[in-house]
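Q: no sequence for this one, just the structure:
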């Protein structure tokens, strides 16, 4: 029996043949593609290993750089009278950097690394370190593409000031606005208790309630903690820390409250005990700063001269900042007790007010109060509230002279009130309108990196201590 191949059968066989040939081609193509595909995936694995190892080596370099300057600084502080102490401090820093790098780098898979000898130098009051490493990572898959290794490297630097002699000028705003309670609940409580401003519909004064005949801050005394109390407590915490320097007489602290002008509560030349007593650190609030809040009569006058002291009626940065410049005794680099480095710690809400509560005397403004509490001076009078943001350009002269301005900004709690008209409502509305922008000029006033914000009592204390820590220039990575 013969089998005849007809066209229909041929077509079926031909179709089957083509299908089988296609399957074979796909297999060949897939096989050819599989090798580079595996290579690419392998390169990703190699790159991941290299990236992970570099991150660990970078951290080790950073730690070594910091360890170098911290060790050198500590050696110098512990051996101040040793011959060639700087050279020995540098050697100690180099040795510690080597050790810290090796410990932190540990054993890295498929990687060999080499640490160049760390460099530690001293320029005046600053130790600087440079730590550099190179490394080679062996590729497990990269050889497919003729890439057998990945080369790594990085440089880390750190700096730390040695134990410097530092002067801290605490320039504390005690104008009326700093008499706001430190919490929202406290503001509500003061408003309900304060019957000032009867002519303004008994709205309950919260802001700058210090005009003659009004009870002002006395309604809060011992009952409501004001922002001035919170700042006072924070300053006392700083005084305690400054009383324990690494070398004798390393830090000096003076307290200079201001309203219209700069007064002196505790001179920089006093002992820490004297400064603490002046700030009433052992008492419970209300403390010294609350007692110094603007009451219409200048406080801390020199003798019985009402043209001196803190003044009354406004917040005048344009007067108090230049006065601070003349108060600073040394614009040194901190390298010795005779050349201390000055830090101005400006604690304020940033509210400028060019108003005065004064009388004219001999071509000067005097602040005797109303009724006058200074013999021979007429009663003071008020020229009207003019709240506004401060002018940051006023700070430049201090910075140009060599002072570091570190600012602690105490933001306003918005004043909550029912607008029934009158002066209190007008001022509340003005203050609420721009108080959220007061931080901007203060940031420009502060030296670069020396601006802090805090509102609650706890945060104010933490911020002031952070300002102190920053002034001590703890070791930091610079590259």
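A: Now that the structure is in, tell me what you want to look at. Please read these numbers as outputs of a predicted model, since none were measured by experiment.

Q: show me where the stretch 251-400 of the chain has its strands.
A: Assigned by DSSP state E, counting those that start in this stretch, the strands in the stretch 251-400 of the chain fall at 251-258, 341-348, 351-353, 357-361, 364-366, 381-382, 387-389.

Q: residues in contact with residue 332?
A: Contact analysis of residue 332 by Cβ atoms under 8 Å, 6 or more residues apart in numbering lists 165, 338, 339, 340, 341, 342, 402. For the C-beta atoms, the positions are set from N, CA and C on the backbone; glycine is no exception.

Q: could you redo the last one with a cut-off of 7 Å?
A: 339, 340, 341 (Cβ atoms under 7 Å, 6 or more residues apart in numbering).

Q: check residue 124 too.
A: With Cβ under 7 Å, 6+ apart, residue 124 has these contacts: 333, 335.

Q: next one: it from residue 161, what distance?
A: Note on residue 124: its distance to residue 161, by Cβ to Cβ, to the nearest Å, is 9 Å.

Q: so the closest residue in space to residue 450 that isn't next to it in sequence is in which element?
A: Nearest residue to residue 450, sequence neighbours excluded (Cβ to Cβ, 6 or more residues apart in numbering): residue 406, at 4.0 Å. Using DSSP states H and E, residue 406 maps to strand 404-409.

Q: buried set for the next helix or strand after that strand?
A: Following strand 404-409 in sequence order, the next helix or strand is helix 422-434 (DSSP H and E). Judged by neighbour count (16 or more other Cβ atoms under 10 Å), helix 422-434 contains these buried residues: 422, 424, 425, 427, 428, 431.

Q: which elements pack onto helix 422-434?
A: Applying 3 or more Cβ pairs under 7 Å, 6 or more residues apart in numbering; DSSP states H and E, we find helix 422-434 packed against strand 387-389.

Q: swap in 10 Å and give it another go.
A: Counting contacts by 3 or more Cβ pairs under 10 Å, 6 or more residues apart in numbering; DSSP states H and E, helix 422-434 is packed against strand 351-353, strand 387-389.

Q: my guess is the residue nearest to residue 450 contacts residue 443, does it?
A: No - the pair residue 406 / residue 443 is not scored as a contact, 12.0 Å apart, by Cβ atoms under 10 Å.

Q: so who does the residue nearest to residue 169 when sequence neighbours are not counted touch?
A: Counting by Cβ to Cβ, 6+ apart, residue 344 is the residue found nearest to residue 169 once chain neighbours are left out, at 4.9 Å. Residue 344 makes contacts with 167-171, 256, 321, 324-325, 327-328, 395, 398-399, 403-407, 446-447, 450, as judged by Cβ atoms under 10 Å, 6 or more residues apart in numbering.

Q: for residue 53, grab phi and psi.
A: phi -70, psi -40 (degrees, to the nearest 10).

Q: I misspoke; the intended subject was residue 336.
A: phi -150, psi 170.

Q: now do it, the pLDDT please.
A: The model reports residue 336 with a pLDDT of 77.

Q: number of nearby residues for it?
A: When neighbours are defined as other Cβ atoms under 10 Å, residue 336 has 11 of them.

Q: repeat that for the one 10 residues further on.
A: Counted with other Cβ under 10 Å, the neighbours of residue 346 add up to 28.

Q: next: residue 440.
A: 13.

Q: and what of residue 353?
A: Residue 353 has 24 neighbours, counted by other Cβ under 10 Å.

Q: with adjacent residues omitted, what lies nearest to it?
A: residue 314 (4.2 Å).

Q: OK, contacts around that neighbour?
A: Contacts of residue 314 by Cβ under 10 Å, 6+ apart are 175-176, 208, 259-260, 294, 351-358, 382-383, 385-387.

Q: let's see that with 7 Å instead.
A: 175, 259, 260, 353, 354, 355, 356.

Q: redo these as TSV? Include pLDDT and distance to residue 290.
A: Formatted as TSV, the contacts of residue 314 follow (pLDDT from 0 to 100; distance: Cβ to Cβ, whole Å):
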residue	pLDDT	distance to residue 290
175	89	12
259	95	13
260	94	18
353	89	19
354	90	24
355	89	21
356	92	22
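
Q: with distance to residue 60 added, can I get the residues you listed in CSV?
A: Formatted as CSV, those follow (distance: Cβ to Cβ, whole Å):
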residue, distance to residue 60
175, 51
259, 54
260, 56
353, 54
354, 56
355, 59
356, 61
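
Q: most surrounded residue in these?
A: residue 259 (31 neighbours).

Q: doesn't residue 310 make contact with that one?
A: Yes - at 4.4 Å, residue 259 counts as touching residue 310 under the criterion of Cβ atoms under 7 Å.

Q: that older thread, is it possible to mark the buried ones in the contacts of residue 332?
A: In the contacts of residue 332, burial by neighbour count holds for 340, 341, counting by 16+ other Cβ under 10 Å.

Q: which stretch among the helices and strands packed on helix 422-434 comes nearest residue 279?
A: Nearest of the helices and strands packed on helix 422-434 to residue 279, taken as Cβ to Cβ: strand 351-353 at 22.9 Å.

Q: what sits up against that closest one?
A: Here strand 351-353 has contacts from 177, 314, 315, 317, 385, 386, 387, 388, 389, 390, 438, using Cβ under 7 Å, 6+ apart.

Q: what residues does the fifth one make contact with?
A: The neighbours of residue 385, taking Cβ under 7 Å, 6+ apart as the test, are 353, 355, 427.

Q: residues of stretch 234-246 that come out buried?
A: Those buried within stretch 234-246 under the rule 16+ other Cβ under 10 Å are 234, 235, 236, 237, 238, 239, 241, 242, 245.
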